[in-house]
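S.K.: prediction below, plus the sequence it came from.
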Amino acid sequence: MKNFLVKMIANAGALAVAVWLLDKITLTGDSTGKKVWTLILVALVFGLVNFLVKPVVKLLTFPLFILTLGLFTLIVNALMLLLTSWLADKLDLSFHVEGFWTAVLGGLIISLVSWALHVVLPDED
């Protein structure tokens with residue numbers, strides 16, 4: 001359970017950095033508390049998308065991973081971020097990613113920040 005919370009906090013932090021750095025990734029809310037709560041819920045959705053959908057997509061596109069020497073990961077991460085944005089809209093969460101290239105850059109930022117946070121934060125169960 002502790003590992004799950006650490007990963008969710010890391011995802012929320014990484015999403016917050018992407019929202020802060022990129023104008024076309026938006027998180028709106030009336031107050032700071034509402035924004036934090038929305039960010040935590042979006043991080044949960046993002047984690048579920050990465051847990052359930054991403055392995056299937058990676059398996060189906062495995063030849064592209066080999067052909068591009070792993071660079072196709074950027075595209076898969078962008079698609080997962082766009083799917084999270086779409087699901088957030090369906091769940092009435094105020095998180096939106098505008099455009100594919102914004103999602104590519106956002107996915108790259110989220111991956112780097114998430115990796116750095118996982119290095120710093122404990123991960124034992």
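M.R.: Structure's in. What do you need?
S.K.: residue 40 and residue 114: what is the separation?
M.R.: 15 Å (CB to CB, to the nearest Å). (Each C-beta comes from the backbone N, C-alpha and C, glycine too.)
S.K.: what about the two, which has more around it?
M.R.: Neighbour tally, residue 40 and residue 114, criterion other CB atoms under 10 Å: the higher count belongs to residue 114, 21 against 15.
S.K.: let me see the ranges of the strands in this protein.
M.R.: For the chain, applying DSSP state E gives strands covering 25-27, 95-97.
S.K.: in the first one, what's buried?
M.R.: Right, the one you point to is strand 25-27. 25, 27 (16 or more other CB atoms under 10 Å).
S.K.: output the contacting helices and strands for it.
M.R.: helix 2-21, helix 32-52, strand 95-97 (3 or more CB pairs under 8 Å, 6 or more residues apart in numbering; DSSP states H and E).
S.K.: which intervals of this structure have sub-threshold pLDDT?
M.R.: For the chain, applying pLDDT under 70 flags the ranges 1, 123-125.
S.K.: rerun at 80
M.R.: The chain contains residues with pLDDT under 80 at 1-3, 121-125.
S.K.: how about the contacts made by residue 16?
M.R.: Listed by CB atoms under 8 Å, 6 or more residues apart in numbering, the contact partners of residue 16 are 27, 39.
S.K.: at 7 Å what do you get?
M.R.: Listed by CB atoms under 7 Å, 6 or more residues apart in numbering, the contact set of residue 16 reads residue 39.
S.K.: do residue 88 as well
M.R.: So, once contact is read as CB under 7 Å, 6+ apart, residue 88 ends up touching 42, 45, 95.
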